[in-house]
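Student: Following is a predicted model, sequence given first.
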There are 2 protein chains.
Amino acid sequence: MRSEYVEAVADAVDAADSARLKQLTEDVYGADLADLIGALTPARRTDFVRLLGPDFDFGVLIELDDSVRLALIEELPPATVAEGISELDSDDAVYLIEDLDAADQGAILDRMPSAERLSIERSLDYPEESAGRLMQTDFIAVPPFWTVGQTIDYCRETADLPDDFYEIHVVDPTYRLVGVVPLDRLLRSKRPVGISDLVEEEGFVVRADQDREEVARLFERHNLISLPVVDDGRRLVGVVTADDVVDVVKEEAEEDFRAMHGVGDEELSSSVMYTTRNRFLWLFVNLLTAFLAASVIGAFEDTIAKIVALAALAPIVAGQGGNAATQTMTVAVRALGTRELGRLNLKRFVTREIMVSLINGLAFAVIVGLIVWAWYQDPRLGFVIGGAMVGNLVAGGLAGVAIPLAVEKVGGDPAVISGVFVTTVTDCVGFFAVLGLATWWFGLM
Amino acid sequence: MRSEYVEAVADAVDAADSARLKQLTEDVYGADLADLIGALTPARRTDFVRLLGPDFDFGVLIELDDSVRLALIEELPPATVAEGISELDSDDAVYLIEDLDAADQGAILDRMPSAERLSIERSLDYPEESAGRLMQTDFIAVPPFWTVGQTIDYCRETADLPDDFYEIHVVDPTYRLVGVVPLDRLLRSKRPVGISDLVEEEGFVVRADQDREEVARLFERHNLISLPVVDDGRRLVGVVTADDVVDVVKEEAEEDFRAMHGVGDEELSSSVMYTTRNRFLWLFVNLLTAFLAASVIGAFEDTIAKIVALAALAPIVAGQGGNAATQTMTVAVRALGTRELGRLNLKRFVTREIMVSLINGLAFAVIVGLIVWAWYQDPRLGFVIGGAMVGNLVAGGLAGVAIPLAVEKVGGDPAVISGVFVTTVTDCVGFFAVLGLATWWFGLM
């Protein structure tokens, strides 16, 4: 998207020229329209939507950054939002208003047609990040005693079908899910064939209150396109489709890593203040642990005063241990997040990580030891740094596995907290090993 | 999955008891079966597949870790693999054999029925990680002058349809893609309606040689379920569906972060030697930069000898700068990877990052300055550390933005290389700022 185009749109908004605006935007895809809105100033965003009026597809807002979307929807009149989201599938409508505060949400819902309102309210009753929030509540359900012909006729004659659907759901008289019939299967069968002959009863199902991460994992593992959602009584309440899951999978994969670096849920469009606050806490905690490491060094001031070279060499050992430990931790955190690491492969993984740490520790001990020996013309200094290197990489490997596992065990999120502990271990062990070994060997105490 | 179950299966394999094995595995889902195979020893994995014979669904192998799958397929007789993958959709068959070496691949392809072989070979002709490798070559294509009735009859009468499909493709006599008709649209329409009245001509399309990352981005941005793949002449050659894209999205999201920590493409099941080698290079490069930072410290040995406290305090400034810079870099690398960062928002992002660095730099300067002043009872030491802290956080913020952008500009992968440069900057600037400021202020040179 070129900036001249954005400027042309901004000019049309400023001139309140809705005809020109319609002309500029009519052939633009939803996601590109979202980019355009994101590039406008906040005041122009509201005007943009107002000027387009009923021609504006609220589905576009889904692709905006969360903070931009929230601010924009709060600015728009509730009646406009109510009208706009009534046109959408229920899952998209829910996505747009679920993060509003209760009063704003109520004002919008009150202005919606009752059928749409009810289905949105039903979704909102389920917990955040659950299958119930992700599902679409429009679906096609038929009884098992119908035929293919009856079902096709029903689809032809019913006006109010969902926008897109990929299977027919089969339910009993109490709306309990019997199974599904994929559309292609329906299409391959002759009209007199009974639905009960086509139905797949053994398929996957999720409960509406299940976490969306579990839903995403089912899609991933079993290559699904759509998945029925049921309530506690196995009554069909909605459908989740793969296009919704693509976004969940991406967000969940990124979440762990973002947490590891203390950038949490900020977005590219987040403000300076939000971003600063968001990052501050993580940096502050890391600062405290840095003082812990500094106090280890402080305890050996006499040694450093006598062998100043140690001040330059100890950070190498601490840093290398931190890097190696972070590698192990990255793998462990992600494997816990995706549930790939479990009882079956835990022992093998821990053994491997210790072996890898040991081998790389020995390799770097030799490399660093020789460099230091040559640099300072003192074999003892080489041995001190080399010995400390092995010790710190092994300690880091252990910490990189054990800390995420322990955090998970006590119910914490390994991605958020492990990093701080792991680098504390490698800093403290690294400094202590170098300075302690030197003090002992050079007989400085 | 319980380890008793794995043991029971292992016993059945050792006893070559295929009846028992069939009984143990017949109700197990593909992905769970893959977990089971992964938990067996390599020798038992081959026997497991051999013993199940034609009852074994080769689609299960898709869920295995790459290295496990590759080793297993290489161990199996080519005829067995050929038979097994002939049953699969072409995209799955391609996925299973694309990483084999040419000789093994040829041995398998030679033993396949020619129709299946040809469609696999066609996919393999496209570059790795392209849409052509991801696509399924079975699809339904009809001419625009057909009616809904003719199309439905065709689906009913043709035996060799793809396993699952979600739309009908409309092509002209030279097989050029005219557009698609989603199955639900077909089902809603009466038999005499013409296909040309239903066809969506404006839909998204990818070229077979496009990168799978671009394909995934299209699915994500436009919430697609399936996407036609065409060749250079816009002739329809295949279809990519959302279930394949879910895996791509996850892998691509993880790839950047794994690269940032130097754990590349290793898997949980990778061997000790592979993992060690895989991580060594990244650690080695980081080690070289650590020596660079050490040489900065080494240049100030006289200063440290006089104020030993600096040996404990300088790493705090270097570390804090590294952490803050990594936050900026994480956001920048990922935003470049997803193409979210572009000309439209670059200036805003850079300004924000500098502001955030400055504000957090000032905040931590005050905090650390006061602590150091109180700790060492020397205000000058507090000012030195505080001043160095601001400088290093701002330098880190600049480096965290500029380095990924520069790496991207020259065609490198920002995720792989940025980290090394960024922490080199914060280490060197941090140490230099602390020790240089101290030397100057305390008049030590």
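Tutor: Received it, and whenever you're ready, just let me know what you need.

Student: Tell me the backbone dihedrals of A:Asp99, please.
Tutor: Per-residue torsions, A:Asp99: phi -90, psi 0 (degrees, to the nearest 10).

Student: Verify the stated contact: it with A:Ser67.
Tutor: No. Applying CB atoms under 8 Å, one finds A:Asp99 not in contact with A:Ser67, separated by 9.7 Å. Every residue, glycine included, has its C-beta placed from N, CA and C.

Student: Which one's more surrounded, those two?
Tutor: A:Ser67 (17 against 14; other CB atoms under 10 Å in any protein chain shown).

Student: was I right about that one contacting A:Asp265?
Tutor: No. The criterion here is CB under 8 Å, and A:Ser67 misses it with A:Asp265 at 9.6 Å.

Student: who's in contact with A:Val422?
Tutor: A:Val422 makes contacts with A:Gly322, A:Ala325, A:Thr326, A:Met329, A:Gly396, A:Ala399, A:Gly400, A:Ile403, as judged by CB atoms under 8 Å, 6 or more residues apart in numbering or on different chains.

Student: Could you do A:Ala216 as well?
Tutor: A:Val245, A:Val248, A:Val249, A:Glu252, B:Val246.

Student: now the strands for the stretch 101-250 of chain A?
Tutor: A:141-142, A:167-171, A:177-182, A:206-207, A:226-230, A:236-241 (DSSP state E, counting those that start in this stretch).

Student: Can you add distance to A:Ser271 and give the ones you listed back as JSON lines?
Tutor: Formatted as JSON lines, the strands of the stretch 101-250 of chain A follow (distance: least, CB to CB, whole Å):
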{"stretch": "strand A:141-142", "distance to A:Ser271": "46"}
{"stretch": "strand A:167-171", "distance to A:Ser271": "44"}
{"stretch": "strand A:177-182", "distance to A:Ser271": "45"}
{"stretch": "strand A:206-207", "distance to A:Ser271": "37"}
{"stretch": "strand A:226-230", "distance to A:Ser271": "36"}
{"stretch": "strand A:236-241", "distance to A:Ser271": "33"}
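
Student: Could you export those as CSV, including mean neighbour count?
Tutor: Shown next, in CSV, are the strands of the stretch 101-250 of chain A (neighbours: other CB atoms under 10 Å in any protein chain shown):
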stretch, mean neighbour count
strand A:141-142, 16
strand A:167-171, 24
strand A:177-182, 22
strand A:206-207, 20
strand A:226-230, 24
strand A:236-241, 24
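
Student: Would you map the helices across the stretch 251-400 of chain A?
Tutor: Ranges of helices in the stretch 251-400 of chain A, per DSSP state H, counting those that start in this stretch, are A:272-298, A:301-306, A:309-337, A:343-376, A:379-409.

Student: which of these is buried the deepest?
Tutor: Neighbour counts (mean count of other CB atoms under 10 Å in any protein chain shown) averaged over each of these peak at helix A:309-337, with a mean of 27.

Student: So is that one next to chain B?
Tutor: Yes. Contact of helix A:309-337 with chain B (CB under 8 Å from any CB of the partner chain) involves A:309-316, A:318-320, A:323-324, A:326-327, A:330-331, A:334-335.

Student: Which ones among the contacts of A:Ala216 map onto helices?
Tutor: A:Val245, A:Val248, A:Val249, A:Glu252, B:Val246 (DSSP state H).

Student: what about A:Glu266, how many neighbours?
Tutor: A:Glu266, neighbours per other CB under 10 Å, totals 22.

Student: What of A:Trp441?
Tutor: Neighbour tally, A:Trp441, other CB under 10 Å: 13.

Student: looking at it, it is touching A:Pro379, isn't it?
Tutor: No. Contact criterion CB under 8 Å: A:Trp441 and A:Pro379 do not qualify, at 10.9 Å.

Student: wait, what's in contact with A:Leu88?
Tutor: A:Phe58, A:Gly59, A:Leu96.

Student: Surely the second one and A:Leu33 touch.
Tutor: No. Applying CB under 8 Å, one finds A:Gly59 not in contact with A:Leu33, separated by 9.6 Å.

Student: thinking again about what came up before, which of the helices of the stretch 251-400 of chain A sits closest to B:Gly132?
Tutor: The minimum distance between B:Gly132 and those falls on helix A:309-337, with 29.2 Å, by CB to CB.

Student: Any residue of stretch A:237-245 touching chain B?
Tutor: Yes. Remark: stretch A:237-245 sits within contact range of chain B at A:Thr241, A:Ala242, A:Asp243, A:Asp244, A:Val245, by CB under 8 Å from any CB.

Student: which residues touch that stretch?
Tutor: A:90-91, A:122-123, A:131-132, A:134-137, A:139, A:164-166, A:169, A:206, A:208, A:215-216, A:219-220, A:224-231, B:219, B:223-225, B:241-243, B:245-246.

Student: so how far is it from its chain's centroid?
Tutor: Relative to the mean C-alpha coordinate of its chain, stretch A:237-245 is positioned 17 Å out (CA atoms, centre = their mean, to the nearest Å).

Student: from the contacts of A:Val422, which is closest to chain B?
Tutor: Distance to chain B across the contacts of A:Val422 (CB to the nearest CB) is lowest for A:Thr326, with 5.6 Å.

Student: Provide a list of residues in contact with that closest one.
Tutor: By CB under 8 Å, 6+ apart, the contact set of A:Thr326 is A:Gly400, A:Gly419, A:Val422, A:Thr423, B:His261.

Student: re the thing from before, between which two of the ones in helices among the contacts of A:Ala216 is the distance greatest?
Tutor: For the ones in helices among the contacts of A:Ala216, the farthest-apart pair by CB to CB is A:Glu252 and B:Val246; their separation is 11.3 Å.

Student: Tell me which of the two has more neighbours.
Tutor: More crowded of A:Glu252 and B:Val246, by other CB under 10 Å: B:Val246, with 26 against 20.

Student: Wait, the more buried one touches A:Val248, no?
Tutor: No. The criterion here is CB under 8 Å, and B:Val246 misses it with A:Val248 at 9.3 Å.

Student: Domain map for chain A?
Tutor: A:3-126, A:141-242, A:272-441 (automatic domain parsing).

Student: A:Val199 is in contact with A:Phe145, correct?
Tutor: No. Applying CB under 8 Å, one finds A:Phe145 not in contact with A:Val199, separated by 11.2 Å.

Student: So which of the two has more stuff around it?
Tutor: A:Val199 (19 against 10).

Student: Now do the nearest residue to the more buried one once chain neighbours are set aside, the pLDDT please.
Tutor: Spatial nearest neighbour of A:Val199, chain neighbours left out: A:Gly179 (4.0 Å); criterion: CB to CB, 6 or more residues apart in numbering or on different chains. Looking at A:Gly179, its pLDDT reads 94.

Student: wait, which of the strands of the stretch 101-250 of chain A is closest to A:Leu346?
Tutor: strand A:206-207 (27.1 Å).

Student: Would the closest one count as contacting chain B?
Tutor: No. If you take CB under 8 Å from any CB as the test, strand A:206-207 misses chain B, and the best it gets is 14.6 Å.

Student: quick one: strands adjacent to that strand?
Tutor: strand A:226-230 (parallel) (DSSP bridges).

Student: List the beta-bridge partners for A:Gly238.
Tutor: A:Val229.

Student: how far away is it from chain B?
Tutor: Noted for A:Gly238: a distance of 17 Å to chain B, by CB to the nearest CB, to the nearest Å.

Student: any idea how far that residue lies from A:Ser130?
Tutor: To A:Ser130, A:Gly238 is 11 Å away according to CB to CB, to the nearest Å.

Student: list the residues that contact both of these two?
Tutor: Joint contacts of A:Gly238 and A:Ser130 (CB under 8 Å, 6+ apart) are A:Ala208.

Student: my guess is A:Glu83 contacts A:Pro54, does it?
Tutor: Yes. A:Glu83 is within contact range of A:Pro54, at 7.4 Å (criterion: CB under 8 Å).

Student: Looking at those two, which is more packed in?
Tutor: Taking other CB under 10 Å, A:Glu83 and A:Pro54 do not tie; A:Glu83 has more neighbours (17 against 9).
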